[in-house]
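Asker: okay, sequence plus prediction incoming.
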Number of protein chains: 2
Amino acid sequence: MDNNLQIPQRILMGPGPSNVHPRVLEAMSRPMIGHLDPVFLEIMDENMKLLRHIFGTKNRLTLPISATGSAGMEATLCNLIEPDDDILICVNGVFGMRMSDIVDRCGGKLHTVEAPWGRIIDPQSVADKLKDVKPKLIAIVHAETSTGILQPLTEIAELAKAHDTLLVVDCVTSLCGTAVNLDELGIDAAYSGTQKCMSCPPGLSPVSFSDRAINTIHNRRTKVPSWYLDMGMISQYWGDDRAYHHTAPISMNYALNESLKIVCEEGLEARYNRHSLHSQALAEGLSTLGIERIAQEGFRTPMLTSVSVPNDVDEATVRSQLLHNYNIEIGGGLGAFKGKAWRIGLMGETCRKENVISLLTALGEILPKKSTNEAIQTAESVYNTN
Amino acid sequence: MDNNLQIPQRILMGPGPSNVHPRVLEAMSRPMIGHLDPVFLEIMDENMKLLRHIFGTKNRLTLPISATGSAGMEATLCNLIEPDDDILICVNGVFGMRMSDIVDRCGGKLHTVEAPWGRIIDPQSVADKLKDVKPKLIAIVHAETSTGILQPLTEIAELAKAHDTLLVVDCVTSLCGTAVNLDELGIDAAYSGTQKCMSCPPGLSPVSFSDRAINTIHNRRTKVPSWYLDMGMISQYWGDDRAYHHTAPISMNYALNESLKIVCEEGLEARYNRHSLHSQALAEGLSTLGIERIAQEGFRTPMLTSVSVPNDVDEATVRSQLLHNYNIEIGGGLGAFKGKAWRIGLMGETCRKENVISLLTALGEILPKKSTNEAIQTAESVYNTN
């Protein structure tokens, strides 16, 4: 390749990363400073404050883990789980499976409540399971990026409370795209990723732990299995001690700071509404092209639309045409949906009318016997009535 | 703080991060693309190739872990260690202690060979230990950032070979600043950080595993304790399968690519010589100011000069004056050296004559009864005779 990186300008409509605002890209290129520089400590404090706002929490232990979203999943689980703890994981897609794998690696006794791919976890099935098992912790995914399901959390949070069980929620894809109110729901620990609805580059994983979760960590009989993700040590660096643990990713924290400021300037409600509006326009336009949603009706994520691939096309070829001829990235299916589904993201900066129209135009041109005009008119009618 | 991040231009002469080249900062601000985009896959392949070059290895499993240097330490150890394995760690500073902690968390049986802070690990003490213990793995730090010791590796590599034991080397601070030849020495696994002599922002940890190390991982009886750092799964993403594991930190990989190209343009030998020259000039200039090195003579790292704090000054006050009045960051002591030592880095982009002169000038002005001119003349004489 060239000596100079030639990076194309893509429209990132996959499951993440999403497009990044020029202000955030500019923040990434600010000069390097030390991880104990007073200016950096000020940025750390501000990032914690802004993260508390978007998580809807007062939790003091709210900070970005120095790795991508999956490390936040591992940090959350491996700090709270000890060998032989009974752990209940809700599984209806890739990320519930990943949590189960981590429970196993932590030595926890894994119990699961399952639902078919593309369906929510029925709170009643959790209630039934809790008759047999008294788990230390229940974990569930809020927005399943592999299926496009948005999980209702209220009833499950009430069950966790009634059974005095910690509740962990995966907010990787939901945070900043739909309401996540940790304190209101009584969620004990949550994690996210920067590259979805925050529209920051991938590289950090915001996490938040309630005081109850912190107490659970303090009262561990055994060391946290991961040194790098040990929240006790990490919190000493992010707290008043400023004790050296690892060298924080400085530039990524600049970017997180800028992206969170952009989120606050827009306002959370306005941002949620924007995700809702454009996903509706996209879905109705796609329907006109004969492309239908596969996630359970009434429980679809606004930031990721999962659809069935039409029978008469090869899904990978269409994705390749979109990428190479239109600079549009969409995602393929994972796991049970491999080869059968597309996953179309409208996250953060990507979630704009022009991108909805561009994708509908491109698909109308690529797919046999389809009309671009009709699809765009359908999308426009959603915009005109909202 | 301001809406716009006001980041000062520091001269980063601490233990890392080091100053970052404008080309690398510019690379960080390139547009976002997907983690399976063909352009990104090309960058991944090139980063692996360039990392093999700087590590001096043909190891196919050579890639950047998606987290900072300490995660590379954990990745290397937790993939190779299983519960009850006998593990021998060489400890003469903070990072040997950190490795010991990780061995414990992995369930390994920890054995140590120790040396006082600021002294090398005597190969004879390793040989003696190997009469009593048959470890699966010996781990040692090449350049101890907490003490400024550069550890000779040849004899210990021979011992590891003779005892059919895996050898793991911490190259966080040494890589790109002094010769690291994994294949020549027969090192089985090594890890580094991007923010030292590579002069890339912190956020990635290059690692390399020999085929023997890979076989050890393949033959594990138990799962790797960390999902995020499981080299088996990570290698499927970086290998031909391109199987999704986690979303790679895209921008950090742009930056790594650019910084490795800058390293190659300079050439490794020239880069090592540059680190050697400037650290000599710095040390002699400091000596003129009454500031003497504390690491064992003959075994001092060229990229980090550890010195005793003069008796008549408060070490933290001087560091604060350097930062606030001269925009120069130097490091304080850690562990046994806390309050007693300064750690002065000359890594990568920071390793330049103008920075040596700036620090000597500033210290000459800050310290009582010292002459800046004399210190600069001493440094100049090193430059004039080299």
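Answerer: Good, I have the coordinates.
Asker: need the residues that contact the helix or strand hosting A:His324.
Answerer: Element membership for A:His324 (DSSP states H and E) is helix A:315-326. With C-beta atoms under 8 Å, 6 or more residues apart in numbering or on different chains as the test, helix A:315-326 has contacts from A:10-11, A:309, A:328-330, A:332-333, A:339-342, A:358-359, A:362-363, A:366-367, B:37-38. (Each C-beta comes from the backbone N, C-alpha and C, glycine too.)
Asker: again, but for stretch A:235-249
Answerer: Outside of stretch A:235-249, the residues within contact range by C-beta under 8 Å, 6+ apart are A:35-36, A:40-41, A:44, A:48, A:60-61, A:63, A:66, A:203-204, A:228, A:233-234, B:16-17, B:68-71, B:193, B:195, B:201-203, B:252, B:334.
Asker: of those residues, buried ones?
Answerer: For the contacts of stretch A:235-249, a burial check counting by 16 or more other C-beta atoms under 10 Å in any protein chain shown picks out A:35-36, A:40, A:44, A:48, A:60-61, A:63, A:66, A:203-204, A:228, A:233-234, B:16-17, B:68-71, B:193, B:195, B:201-203, B:252, B:334.
Asker: please flag which of the contacts of helix A:315-326 sit within helices.
Answerer: Residues of the contacts of helix A:315-326 located in helices (DSSP state H): A:358-359, A:362-363, A:366, B:38.
Asker: scan those residues and report the most crowded one.
Answerer: For the ones in helices among the contacts of helix A:315-326, the largest number of neighbours (other C-beta atoms under 10 Å in any protein chain shown) sits with A:Leu363, at 27 neighbours.
Asker: any idea how far that one lies from B:Glu284?
Answerer: Separation of A:Leu363 from B:Glu284 (C-beta to C-beta, to the nearest Å) stands at 69 Å.
Asker: name the residues of the lengthiest helix in chain A that are buried.
Answerer: Counting residues, the longest helix found in chain A (DSSP H) is helix A:268-288. For helix A:268-288, a neighbour-count test (16+ other C-beta under 10 Å) marks A:268, A:271-272, A:274-286, A:288 as buried.
Asker: name the helices or strands packed onto that helix?
Answerer: Applying 3 or more C-beta pairs under 8 Å, 6 or more residues apart in numbering or on different chains; DSSP states H and E, one finds that helix A:268-288 contacts strand A:304-308, helix A:353-366, helix A:372-384.
Asker: so for B:Ser208, which of the ones you listed sits nearest?
Answerer: Proximity to B:Ser208 (C-beta to C-beta) singles out strand A:304-308 among those, at 36.2 Å.
Asker: taking helix A:315-326 as reference, get the angle to the closest one.
Answerer: Inter-element angle recorded for strand A:304-308 and helix A:315-326: 130 degrees (by axes from the mean of the first three to the mean of the last three C-alpha atoms, to 10 degrees).
Asker: which residues are in contact with strand A:304-308?
Answerer: Residues outside strand A:304-308 that contact it (C-beta under 8 Å, 6+ apart) are A:15, A:118, A:143, A:145, A:147-148, A:173, A:279, A:282-283, A:286, A:291-295, A:300, A:333, A:337, A:340-347.
Asker: which among those residues count as buried?
Answerer: The neighbour-count test (16+ other C-beta under 10 Å) marks A:15, A:118, A:143, A:145, A:147-148, A:173, A:279, A:282-283, A:286, A:291, A:293-295, A:300, A:333, A:337, A:341-347 as buried among those.
Asker: how would you label A:Leu54: helix, strand or coil?
Answerer: Careful, residue A:54 is Ile; it's not Leu. Classification of A:Ile54 using DSSP: H, G, I helix; E, B strand; the rest coil returns helix.
Asker: can you tell me the closest non-neighbouring residue to it?
Answerer: A:Cys176 (5.7 Å; C-beta to C-beta, 6 or more residues apart in numbering or on different chains).
Asker: return the subset of the buried ones among the contacts of stretch A:235-249 lying in strands.
Answerer: Assigned to strands by DSSP state E, the following of these qualify: A:61, A:63.
Asker: where does chain A dip in pLDDT?
Answerer: For chain A, applying pLDDT under 70 flags the ranges A:1-5.
Asker: which segments of it make up each domain?
Answerer: Listed domain ranges for chain A are A:21-264, A:268-384 (source: automatic domain parsing).
Asker: out of these, which is closest to B:Lys353?
Answerer: For B:Lys353, the closest of the domains of chain A is domain A:21-264, at 19.9 Å, according to C-beta to C-beta.
Asker: could you work out the end-to-end span of that closest one for me?
Answerer: 14 Å (C-alpha to C-alpha, to the nearest Å).
Asker: ok, stretch A:57-69 near chain B or not?
Answerer: Yes. On the criterion C-beta under 8 Å from any C-beta of the partner chain, stretch A:57-69 is in touch with chain B at A:66-69.
Asker: mind listing which of the contacts of strand A:304-308 are in strands?
Answerer: Using DSSP E, the members of the contacts of strand A:304-308 that fall in strands are A:143, A:341-345.
Asker: need the contact list for the residue of the stretch 251-386 of chain A found nearest chain B.
Answerer: Closest contact between the stretch 251-386 of chain A and chain B, by C-beta to the nearest C-beta, is at A:Ser251 (4.3 Å). By C-beta under 8 Å, 6+ apart, the contact set of A:Ser251 is A:27-30, A:32, B:28, B:201, B:203, B:251-252, B:255.
Asker: residues in contact with A:Leu80?
Answerer: The contact partners of A:Leu80, by C-beta under 8 Å, 6+ apart, come to A:136-137, A:166, A:168, A:189, A:213, A:216-217.
Asker: can you list the residues of the stretch 251-386 of chain A near chain B?
Answerer: So the stretch 251-386 of chain A meets chain B at A:251-252, A:254-255, A:257-258, A:261, A:323, A:329, A:334 (C-beta under 8 Å from any C-beta).
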